[in-house]
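Chemist: Sequence and predicted model, in that order:
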Amino acid sequence: MVPNRMADQPGQLGTLRLTSLSHGGGCGCKLAPAVLEQIIAKTAGSPAGIVPPQLLVGIETSDDAAVYQINETQAIVATTDFFMPIVDDPFDFGAIAATNAISDVYAMGGTPLFALALVAMPIDKVPLEVIRRILQGGESVCQRAGIPIAGGHSVDSVEPIYGLVAIGLVDPHDVKRNSDAQPGDTIILGKALGVGVYGAVLKKQQITDPQYQELLASTTQLNTPGRRLARLPGVHALTDVTGFGLLGHLLEVCKGSEVHAVVRWSSVPLLTAARELAGAGHVTGGSSRNWKAYGNLIDLGGFGEIERSLLTDPQTSGGLLVACAREAATEVLQVFASEGFRHAAVIGEVRAGTPGITVV
C-alpha cells in the first residue's frame, strides 16, 4: 500500500486521511453535466449576462476558460478550478489541484501569468501543518509553471477544498476553442484514462505503490503542449478531459462544432491497471452520473460496462483532447512526445453528422 508522506509525523498528522473527510474527490466532485447545463441555461440569458465584443470565449460552449481580448496581440485567459481531496497525502493533493487548474490555461493555448489560491478547510479536523503542506504542493506546481501565487481567499468549511484561480495570456489569433472541430479531423488524446478508477481504489486503501506513482505522475503533469499546439494552423479544436470523462468532453466538442465523433476503443490509452480494476468494480459514482447525463447521445456498439465506465471515468487533471487536420496529426504527436507525454495517441476521427459519438 502507498504510504502517506505525513506518516512519519507525530500524532494526528500521521493518521489523518484527507479522502475520508469528503464525499467525493478530484474532478469527480463536479456537478453532473445535465444539472450544470440546466443551471447555465437558466442564468445565461439574465440581464447580468452582458457579453462585450472583447469576450472571445464565454460560457456558450462550456469551454475551459474565459478569454478577454485587451489589444490586437493579447487576450487574458481566466479560469478557476478547485475540489476535494483525491489523495490522502496533503502535498500531493495540493500539487494535483494546482496542476488541474493551471492546465485550463494551456487548454486555451495560453501561457500562465499568476494564480490565486482558493482554500476551504475544516480547521477543527485538519491540522495547520497539513493545510500548510497542501499549499506547498500547489506552490511547487506553480514554480514549475513559472508563475507566482499572488493572493487568494480562505474560509472555514465542513470539507477540505483547494484549488486556484489561474490567469494567463494568449494571442487572440491562437485561441483554441472546443467548438471548432471539422469533419475529417483526427482526434488525439494526450493522457491515459483511469484516474477516477485509481482514485476509487485509493479511497478503499487498496492501491499499490506503483499504481499510486502512476496516478501521481499523470495528475501532476502540466498540459504544457497546449501552448505550442495552439500555434499550429492544423489544430482546430482543443480542450482537456476532466470530470465529465472522455465521452463527456468530446461530446462538448461535437455539440459546439455540430459534428459527429468516432472513437476507436482499442486506441484509447489507459493507465496500466485501469481495465483490470474497473472490471473488479472499482468505479466512481461520477462515471454513472456522466452516463445518465449524456448516454443517449452515445452509441457504444457491442461494448459493455467496463468500457463504458472507463470512457465516462471522471479524470482529474486529465489530458488534452485535440481535433486536428489529418495531415497535422504527426506533428501534434511529436509536440506531445517532445514534452514527455508518452501516452498521447490518435483515438478517432470527426465526421459530418448529428452531434454524438460512436464507439467502434
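Modeler: On my side now, so go ahead.

Chemist: which stretches of this structure form strands?
Modeler: According to DSSP state E, the chain carries its strands in the segments 55-57, 66-69, 75-83, 111-121, 149-156, 161-170, 186-189, 235-240, 260-263, 298-299, 320-324, 345-351, 356-359.

Chemist: what's the angle from the third one to strand 161-170?
Modeler: Okay, so that is strand 75-83. Taking axes from the mean of the first three to the mean of the last three C-alpha atoms, to 10 degrees, one finds strand 75-83 and strand 161-170 inclined to each other by 170 degrees.

Chemist: what about the nearest residue to Tyr106 once chain neighbours are set aside, how many neighbours?
Modeler: Counting by C-beta to C-beta, 6 or more residues apart in numbering, Gly226 is the residue found nearest to Tyr106 once chain neighbours are left out, at 3.3 Å. C-betas here are computed from N, CA, C, even on glycine. Neighbour count of Gly226, defined by other C-beta atoms under 10 Å: 29.

Chemist: Then Pro355?
Modeler: Quick note: Pro355 (other C-beta under 10 Å) scores 16 neighbours.

Chemist: so it makes contact with Glu252?
Modeler: No: counting by C-beta atoms under 8 Å, Pro355 does not reach Glu252; the two are 9.6 Å apart.

Chemist: was I right about Leu311 contacting Leu193?
Modeler: Yes: judged on C-beta under 8 Å, Leu311 makes contact with Leu193 at a distance of 7.4 Å.

Chemist: shared neighbours of those two, anything?
Modeler: Common contacts of Leu311 and Leu193, defined by C-beta atoms under 8 Å, 6 or more residues apart in numbering, comprise 245-246, 268.

Chemist: Let me have these in JSON lines, adding pLDDT, distance to Ala65 and neighbour count as columns.
Modeler: Listed next are those as JSON lines, based on pLDDT from 0 to 100; distance: C-beta to C-beta, whole Å; neighbours: other C-beta atoms under 10 Å:
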{"residue": "Gly245", "pLDDT": "96", "distance to Ala65": "20", "neighbour count": "32"}
{"residue": "Leu246", "pLDDT": "98", "distance to Ala65": "20", "neighbour count": "24"}
{"residue": "Val268", "pLDDT": "98", "distance to Ala65": "25", "neighbour count": "19"}
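
Chemist: Out of these, which is nearest to Ser257?
Modeler: For those, the closest approach to Ser257 (C-beta to C-beta) belongs to Leu246, at 16.3 Å.

Chemist: Val201 versus the residue nearest to the closest one when sequence neighbours are not counted, what's the distance?
Modeler: Using C-beta to C-beta, 6+ apart and skipping residues adjacent in sequence, the residue nearest Leu246 is Leu311, 5.3 Å away. Distance, Leu311 to Val201, using C-beta to C-beta, to the nearest Å: 18 Å.

Chemist: Next: Trp291.
Modeler: Note on Trp291: its distance to Val201, by C-beta to C-beta, is 20 Å.

Chemist: Which residue ranges of the stretch 151-300 of the chain form helices?
Modeler: With DSSP state H, counting those that start in this stretch applied, the stretch 151-300 of the chain shows helices at 195-203, 209-219, 225-229, 245-257, 274-279, 285-294, listed in chain order.

Chemist: Out of the ones you listed, the one nearest Leu333 is which?
Modeler: Shortest distance between Leu333 and these, using C-beta to C-beta, is found for helix 225-229: 10.1 Å.

Chemist: picking up where we left off before, closest to Glu72 among the shared contacts of Leu311 and Leu193?
Modeler: Ranked by distance to Glu72 (C-beta to C-beta), those are led by Leu246 at 36.2 Å.

Chemist: No more questions from me, cheers.
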